[in-house]
Structures are given as C-alpha cells and as structure tokens.
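Novice: from the sequence below, what's the structure:
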Amino acid sequence: MPIRTPLAAALSLCLALPASAADLLVQAGRLLDAPGTAPRAASTLHVRDGRVVEVREGHLDAASFGLESAEVLDLRAHFVLPGLIDSHVHLSSDKGGVAGQLAGVQMNPVDVAYEAQMNARKTLMAGFTTVRNLGDSDGVIRALRDAVRAGKVEGPRILTANSSISATSGHADPTLGFRSDLRAAVNRNGNVCDGVDACRRAVRTQISEGADVIKMTITGGVNSRIGAGLGVQMFEDEARAVVETARMYDKKVAVHAHGADGINLALRLGVDSIEHGTLLDDASLKLFRDSGAYYVPTLSTVNGYLERIASNPDAYTGEVRSKIDWRIGITGKALERAVPAGVKIAFGTDAGVSLHGRNADEFELLVKHGLTPMQAIEAATTHAADLLGLAGTVGALTPGHAADLIAVQGDPLADVTVLKRVDWVLRDGQVLKRPD
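Specialist: Sure, this is the predicted structure:
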C-alpha cells in the first residue's frame, strides 16, 4: 500500500470535495474579470462563500471543478463585469435647491433613514455594489451601512464620511440660508470648525461616530446658499489639522474643491482625492501626479441641475442658480485636461445632486470628455477600489475578490451606455437582481 504524505492526502480530499451550500458557478458569455485587460470569451467563475475561487475558460459544470454539485447561474448571453463602485454619493436624499432646504427642516431623522434605504436600493439595482457616502447628518448613513453589513436590508457596501468638515460659512456649514434663531437647531453634527483645535475636534467627532473616511470642504460650493465664491475657505493650518488628525486615525481624506487655490492646497497636504476639481490648473496637474491622489470629476451633477430646472425654473434661486449655470457650462473641461496629463481618475457621481439609480449616466460623460470606455470602467472598478482602500476585496473578479458582479446585454467596451441597463446584480455571491 503506497504511503500518502499529508500534502497528497489534502490534495486528494480537495479533488473530491463535496459541494458547500455556498458553491456557485457563473457561466459568462464574456467576462471582464480584471478591468484594464482584454475581456475573456466564454468563461465560468467558481464562487464559494461569496468570494471568487477560480475562473476558467468555457462554460463548465460542477464536475469540472471537482464538485459533486453546485448552483449554476446561466449568464451565457451576457457580458459580466465586476460590481460598480461610486466614490461620491449622498444617499440621504436626491432633493435639491429650495426643496432640499425645506426637507432639511421638515424631515425627521427617521424619515431620512427610510429615504436613504430606498436610495441605497436604487443604487444597488443600478449595478453599484459599493459606494462612498460623502456627507450625512444624524448618523443615518452610518446606521444604514451597519444594517447592510448585518444583512438586515439590501443595499450596496457603504463607506461613510459622516458629516463633512467645514469652516463657518463654508460649503458644508448646515446653517447657511437659515435665519439666525434657527441656526443652533440645524448645527448639530459637530462638523463646523474654525481654528486648529476646533478642526481637530471636528475630525475626532466624526471618527467617534463611526466614520470610515473624512471629507473636508476646503472651497465654496455650487449649492452653498451664500455668495462667497468657489475659492479656498479654510486656512492652511485648519486644513492641515484636518488631514493630520485623519491620518492619526488611519483615515483617508476626500476633499470637496472647485477653485485651484483650494485644490492645490489640499494636494500639497497629501489628501487622497479631490472631488469636483472644476478649476484645476497646471500646478494642480503636477500635484496630482506627484502625490498620486485621485480626481473624482462628478460630471453628472449637471443632469440633476438640468432636470430640476426643466421641471421648475425656480428650483434654485439667487447665487446658487448663477453658480449652477456656470457649472453646467464648464463641466468636463477639467477632465479633458486631467486625462492626457496622466491624472488618476476614480468614478463618482455626487448622486443626490443627480438622481439615485441613475449613477451610470456618469459613464457617458466620462467618455465624452476624454476617457475610453475601458478607462471609464476602470475608474468605477479597480481605481475606485484602490481609492476606497478596498483593492483586493472589490473592483475585480479574480480569485480572492468578493463575488460582486453585474451582467449586461451588449458590449460596454463598444458602447458604455449599456451599463445603464443592468440585468443581473450579485453582491457577495447573492443574486439581488435578475431580469423580470
């Protein structure tokens, strides 16, 4: 009788391994398992316990993988690719302008929580299996993140910044536009800071309440209800205090910035991403390359603006409307400079300004303003995963990654708009959307 080594015995056991209840085989017509490389032809993914185990050529059965049995998902008529990632969303609402301001004082946190859950599900059904939420109040999105993780509700994997750090009268100052005697009631999230000590405290407050990432609004904003422009609105020592405190707690920093002065200050401080980046200049491009920071263009905000204005010409008033008109006219110009300069691009929509569930509209604008379809998909998969600190977990369908995947009819590498029509969505190997 031959002597069997422990290794040989283990290999023998693996070859005859009975199927786990969690074994799933996904047969794909074409498969983009590693965005940035050519897609595979007919392929089969072996998924176990929500993670990709192996990818093989051809449409194979359980026996081909040494399994006694496995569930087989027939996507042979579809193009399969990793679940998409939106690096910039606001799940709490998609109301804007005057309606958004009223909702801020009319809706209780529990009302907002139900709306956020609905928006999260819309996002998931659109094929976005991971999102980074960059602005919250009352801990609503933190609670939703935890509920999704616990399997209590359906939604994308969520990273949250809680409330954005802002100076008084800065873009994320929640008191803007309200009369003075109401300001104390709406300023309750500990995110407004003036001076180094207060900015350190504001970051620590967000971290104490469960923030995964820190967001700082270093310049004015389009939707800020104040005529203070779009330039820098924090002193360097304040912004540095935000970044240094976040780093102390091993948190990444996302920065809302339109004006070049704010963009460049943030990049010099070593932040991880610039959101919007509308007025970046030559110095910005060099700083992006030198620092390795990501640019998140959020182009589809213009869709939200245009649709609301078409429905109600008075949806935005005063200074906000004039900034919106400017933003519509300049959208995409910065990306057209960033792409040939070699700046790293991550996908983000600012959904909430645009409508939730319409996240894939961003792809068309990214391609219009300089990316190839493959580059746009990379921005929403491998690049976004890297930005979020989730590389190796999401963004690809190679062994070890979560089995987050979508399936579409057509070829998104030839026509990126097919990503607006997602037939199948799986997160962690669970089918959450299938054709009706």
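Novice: any idea which helix or strand in this structure has the lowest mean pLDDT?
Specialist: Ranked by mean pLDDT, DSSP states H and E, the weakest helix or strand in the chain is helix 6-15, scoring a mean of 40.
Novice: quick one: average pLDDT of stretch 340-354?
Specialist: Stretch 340-354 comes out with an average pLDDT of 96.
Novice: centre of the chain versus it, how much separation?
Specialist: Stretch 340-354 has its C-alpha centroid displaced from the chain centroid by 9 Å (C-alpha atoms, centre = their mean, to the nearest Å).
Novice: list the buried residues for that stretch?
Specialist: Residues of stretch 340-354 classed as buried by neighbour count (16 or more other C-beta atoms under 10 Å): 343-354. For every residue, glycine as well, the C-beta is placed using N, CA and C.
Novice: could I get those residues as a markdown table with distance to residue 279 and secondary structure?
Specialist: Shown next, in a markdown table, are the buried residues of stretch 340-354 (distance: C-beta to C-beta, whole Å; DSSP: H, G, I helix; E, B strand; the rest coil):
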| residue | distance to residue 279 | secondary structure |
| --- | --- | --- |
| 343 | 14 | coil |
| 344 | 19 | strand |
| 345 | 17 | strand |
| 346 | 19 | coil |
| 347 | 21 | coil |
| 348 | 18 | coil |
| 349 | 20 | coil |
| 350 | 16 | coil |
| 351 | 22 | strand |
| 352 | 22 | coil |
| 353 | 18 | coil |
| 354 | 20 | strand |
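Novice: same list (those residues) but as JSON lines, adding distance to residue 79.
Specialist: JSON lines is the format used below for the buried residues of stretch 340-354 (distance: C-beta to C-beta, whole Å):
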{"residue": "343", "distance to residue 79": "28"}
{"residue": "344", "distance to residue 79": "25"}
{"residue": "345", "distance to residue 79": "22"}
{"residue": "346", "distance to residue 79": "22"}
{"residue": "347", "distance to residue 79": "18"}
{"residue": "348", "distance to residue 79": "23"}
{"residue": "349", "distance to residue 79": "22"}
{"residue": "350", "distance to residue 79": "27"}
{"residue": "351", "distance to residue 79": "24"}
{"residue": "352", "distance to residue 79": "29"}
{"residue": "353", "distance to residue 79": "30"}
{"residue": "354", "distance to residue 79": "25"}
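Novice: what is the nearest of those residues to residue 385?
Specialist: Ranked by distance to residue 385 (C-beta to C-beta), these are led by residue 346 at 9.0 Å.
Novice: my guess is that closest one contacts residue 273, does it?
Specialist: Yes. Assessed by C-beta atoms under 8 Å, residue 346 is found in contact with residue 273 at 6.5 Å.
Novice: joint contacts of these two?
Specialist: Residues touching both residue 346 and residue 273 (C-beta atoms under 8 Å, 6 or more residues apart in numbering) are 87, 294-296, 387.
Novice: now list the buried members of those.
Specialist: In those, the ones that pass as buried (16+ other C-beta under 10 Å) are 87, 294-296, 387.
Novice: now the residue nearest to residue 263 when sequence neighbours are not counted: how far from residue 279?
Specialist: In space, and not counting its chain neighbours, residue 263 is closest to residue 257: 4.5 Å by C-beta to C-beta, 6 or more residues apart in numbering. Distance from residue 257 to residue 279, counting by C-beta to C-beta, to the nearest Å: 9 Å.
Novice: who has more neighbours out of those two?
Specialist: Counted by other C-beta atoms under 10 Å, residue 257 and residue 279 do not tie: residue 257 has more neighbours, with 34 against 19.
Novice: continuing past the lengthiest strand in the chain, what's the next helix or strand?
Specialist: With residue count as the measure and DSSP state E as the assignment, the chain has strand 71-82 as its longest strand. Downstream of strand 71-82, the first helix or strand assigned by DSSP states H and E is strand 84-89.
Novice: my read: residue 419 touches residue 128, true?
Specialist: No. Checked against C-beta under 8 Å, the pair residue 419 and residue 128 is beyond contact range at 10.1 Å.
Novice: out of the two, which sits in the busier spot?
Specialist: residue 128 (30 against 26).
Novice: who does residue 43 bridge with?
Specialist: residue 28, residue 57 (DSSP bridges).
Novice: which residues does residue 375 contact?
Specialist: Counting by C-beta under 8 Å, 6+ apart, residue 375 has contacts 339, 345, 366.
Novice: which SSE is it in?
Specialist: Under DSSP H and E, the secondary-structure element containing residue 375 is helix 373-379.
Novice: by contact count, what packs against whichever strand or helix holds residue 112?
Specialist: If you go by DSSP H and E, residue 112 is part of helix 109-125. Judged by 3 or more C-beta pairs under 8 Å, 6 or more residues apart in numbering; DSSP states H and E, helix 109-125 is in contact with helix 140-149, strand 422-427, strand 430-433.
Novice: ok, and what's touching stretch 257-272?
Specialist: 216, 218-222, 229-234, 236, 239-240, 243, 252-255, 274-281, 283-284, 287-288, 291, 293-294, 387.
Novice: ok, stretch 195-208 next?
Specialist: 161-163, 165, 189-193, 214, 234, 237-242, 244-246, 249, 251.
Novice: the residues you listed in helices, which ones?
Specialist: Among the contacts of stretch 195-208, the members falling in helices (DSSP state H) are 237-242, 244-246.
Novice: report the buried members of those residues.
Specialist: Neighbour-count burial (16+ other C-beta under 10 Å) applied to the ones in helices among the contacts of stretch 195-208 gives 238-242, 244-246.
Novice: same question for the helix or strand just after the helix holding residue 375, mean pLDDT?
Specialist: Remark: after helix 373-379, the chain's next helix or strand is helix 382-387, criterion DSSP H and E. The average of the pLDDT scores along helix 382-387 is 98.
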